[in-house]
Every structure is written in structure tokens, then in C-alpha cells.
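Enquirer: curious how this folds, go ahead:
(one chain, ligands or ions: 1)
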Amino acid sequence: MNDKELVAHEALKYVKNNSIIGLGTGSTANLFIQALAQKIKKESLDIKVVASSTVSQIKAIESRLNYISLDQIDTIDLYVDGADEVTHNLEVLKGRGYDLLREKLLARASKQFIVIGDQSKIVTKIGEKFPIPIEISPIAWKITQNLIGKIAVNCILRPNTAGDAFAITSDGNYVLDCQFNYTNLKDLSDVIAKTPGVIEYGIFQNIANIALIAENNRVSTITLEA
Ligand code: 5RP
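Expert: Sure thing, here's the model as predicted:
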């Protein structure tokens, strides 16, 4: 079992019967979806799932999970998702998979939000390895880009995978990928959040409960209390 598989299986320990589980997006989250499907089948569990993207929705349905749409629920018991960066203070950066609005909704609605990843995700400062993604409304995207651009070092509209058009989120929005020179993450988040046209952004501060991080086949746990 590699490190990503290991954390995906470790997260199964938090799964309880008769619960609603939020499914994440990305290669590590996919491994959790697979492992969850096996556990549900083996133990005949009654579990409903919601998805953080159309991609994880399709994975859930393909895995024969009991998928329900987000407009049917008001809370989630457990949300398990990957991340792009995690600090030892449990600050998390997400968004390579585009759907920040859905990911933030699931994270905030969950009684427990567990981030899973390998050691490559650990950083000392959010934004160290990746630009900060910001999901924005397409209606006046140049205005939003310009406003964010005033406080950013660099802020580009994310292209699609083929590079011939813009990336579009599951909810029809665009994504800016921005680099900032900042001193206080909360202050930066507040400025981004207040910019007209911003729908959501990839900084998850004081939201995750636990990060399960694997390195060389061993899992360590980061909690807010640690
Ligand atoms: C999607 C995300 C992913 O969880 C993040 O990109 C990690 O992906 P992977 O597990 O493939 O490294 O935030 O928006």
C-alpha cells in the first residue's frame, strides 16, 4: 500500500454507520471513495454520500454508493478530502480540482472534516508551493481579476487542461490562480472574500479538524489542539 492509499484507509476509521459522508476530489480522495465503497459493501453499512464536484459525484455513482444531492441535506457527519498544502497549524489550501464553492460548503457543513495526504503536502506557509485558487463569477471576471491583481504578485485566469479555453467549475464559474506576498493569512483571506465577484477561495483556516499525513508508510495526525 502506498502513502496515499494508507491515509485513505486510515480515514475509514472515522466512518460510522447511518451517517452522511462528504466525498472529496482528487487522486487521494478517489482512493478514499474506493475504500469506502468496499467497506460499505463488506459491512452492509447504511451510508449516504454527497460530492464536492461532479467528478466525485460520478465516482460515487460508479462505485454504487448511495449518492444524494447537496440540496437534500443541511449537515454532513464526515467530510474526507485531499489538499494541495497543509501547515502544522492545520491551515489548508485546496482547489486544484476547481470546485472551491462545493468544497467549502462541505467543509463548513461537516461535523468532522478530515484532510488526507502524503508528506508532499506539508508546507510552512500557505501559498508556498501553489498559487491560491479563487473561484469567481464569470459575469465580470476581468474586474474581479483586476481588483485581486492589485494585491497579488501574479493572478491568472486558470486555463482548461487542453489549454484552449478557461477552466470552468461544476457550478459554471472561473478560477483565478494568484500568488501573494502576505504576512497574515486571515487578513489576506478577508480581503479576497470581500472582493466583488469572488465566490470562494482555496484557503481553509480553522475549518479542518484533523489532517492525516502519511510518510514512508506511517501516518501522523495533525489536529488543531496539537
Ligand atoms: C481539489 C483538491 C484536491 O483535494 C487536491 O488538489 C489534492 O489532490 P490530490 O489528492 O490528487 O493530490 O483540493 O480541489
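Enquirer: now do stretch 39-48: distance to the chain's middle.
Expert: 24 Å (Cα atoms, centre = their mean, to the nearest Å).
Enquirer: for that stretch, list every residue counted as buried.
Expert: Ile40, Ile47, Lys48 (16 or more other Cβ atoms under 10 Å). In this view, the C-beta of every residue, glycine as well, is placed from N, C-alpha and C.
Enquirer: identify all contacting residues around it.
Expert: Applying Cβ atoms under 8 Å, 6 or more residues apart in numbering, the contact partners of stretch 39-48 are 12, 15, 17-21, 36, 64-68.
Enquirer: so which of those residues wins on neighbours?
Expert: Within those, most neighbours by other Cβ atoms under 10 Å means Ile21, with 27 neighbours.
Enquirer: going by secondary structure, it is in what exactly?
Expert: Using DSSP states H and E, Ile21 maps to strand 19-23.
Enquirer: and if you look at Lys41?
Expert: Going by DSSP H and E, Lys41 is in helix 27-43.
Enquirer: and the next element down the chain from that helix?
Expert: Heading C-terminal from helix 27-43 (DSSP H and E), you reach strand 47-51.
Enquirer: partners of that following strand, with directions?
Expert: Using DSSP bridges, strand 47-51 pairs in its sheet with strand 19-23 (parallel), strand 66-67 (parallel).
Enquirer: touching the helix or strand following it from outside, list them.
Expert: In the C-terminal direction, the helix or strand that comes right after strand 47-51 (DSSP H and E) is helix 54-62. Here helix 54-62 makes contact (Cβ under 8 Å, 6+ apart) with Leu23, Gly24, Thr25, Ala29, Asn30, Ile33, Val49, Ala51, Tyr67, Gly97, Asp99, Ser170.
Enquirer: and the furthest pair within those?
Expert: Taking Cβ to Cβ as the measure, the contacts of helix 54-62 span a maximum distance of 17.7 Å, between Tyr67 and Gly97.
Enquirer: give the contact list for Leu185.
Expert: Under the criterion of Cβ under 8 Å, 6+ apart, the neighbours of Leu185 are Glu91, Ile126, Ile203, Gln205.
Enquirer: mind checking how far it is from Ala35?
Expert: From Leu185 over to Ala35 the distance is 32 Å, taken as Cβ to Cβ, to the nearest Å.
Enquirer: ditto for Val175
Expert: 29 Å.
Enquirer: more neighbours, the two?
Expert: Ranked by neighbour count (other Cβ under 10 Å), Val175 and Ala35 place Val175 first, with 29 against 18.
Enquirer: please, which helix or strand holds that one?
Expert: Here Val175 is assigned to strand 174-179, by DSSP H and E.
Enquirer: next secondary structure element downstream of the longest strand anywhere in the chain?
Expert: For the chain, the longest strand by residue count, based on DSSP state E, is strand 110-118. Going down the chain from strand 110-118, the next helix or strand is strand 132-136, by DSSP H and E.
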